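*Asks:* got a predicted structure plus its sequence, pasted below:
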Amino acid sequence: MIHLPIPRLTLVFNRSAYFLSATEMQTLRHANVVFYDDGVSKRLLNLLPSHVKKIAQSSIQRYTERQIKTLLVDYAFTHGHVVLLKNNLPIESEQNLAPLHYADYFNIETAFVVNDTLTRNALTIFPPHQKFHLN
């Protein structure tokens, strides 16, 4: 019997390239794949377990937005928990939320982690079935 991973996509919006909250670090440590912005510190990435596949956003910049969303969904189905680590971006931007909306079409569990309490009002733009964590 083949055991398939449970596909999941989590967005982590981080305001600092060098610091992660406990919830953010826990989310990243339980991931199978982490796509990260180029501004994220290499020292921070080195804290992740060796089994976590790390992919720089710059390595996939040549792809269209749709190809990137498809790539994230493919990784979720083949690897399990995929985390998209976004650095210093506004949570309200529809472009930043597009991977979550796209994953919803494939019934992939989606979630996001935000460590900025000022974004509480922005959380109303998410569908009610999405999970989120606010540190």
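*Replies:* Alright, I've got the coordinates.
*Asks:* from now on I want contacts and neighbour counts done on CA atoms only, so please keep to that.
*Replies:* Fine.
*Asks:* got any ranges where the protein has weak pLDDT?
*Replies:* Filtered on pLDDT under 70, the chain yields the residue ranges 1, 15-18, 88-95, 115-135.
*Asks:* apply 80 and report the result again.
*Replies:* 1-4, 13-21, 38-39, 61, 87-97, 114-135 (pLDDT under 80).
*Asks:* find the centremost residue of it, please.
*Replies:* With distances taken as Cα atoms, centre = their mean, the residue of the chain nearest its centroid is Leu84 (2.3 Å).
*Asks:* gap between it and Pro7?
*Replies:* Applying Cα to Cα, to the nearest Å, the value for Leu84 to Pro7 is 14 Å.
*Asks:* does the residue nearest to the centre of the chain touch Val12 like I think?
*Replies:* Yes. Here Leu84 reaches Val12: they are 6.1 Å apart, a contact under Cα atoms under 8 Å.
*Asks:* quick revisit: next SSE after the helix or strand harbouring the residue nearest to the centre of the chain?
*Replies:* Per DSSP states H and E: Leu84 is located in strand 81-87. Counting by DSSP H and E, the next helix or strand C-terminal to strand 81-87 is helix 94-104.
*Asks:* circling back: neighbouring contacts of the strand holding Leu84?
*Replies:* Outside of strand 81-87, the residues within contact range by Cα atoms under 8 Å, 6 or more residues apart in numbering are 6-17, 27-28, 30-37, 39-40, 72, 75-76.
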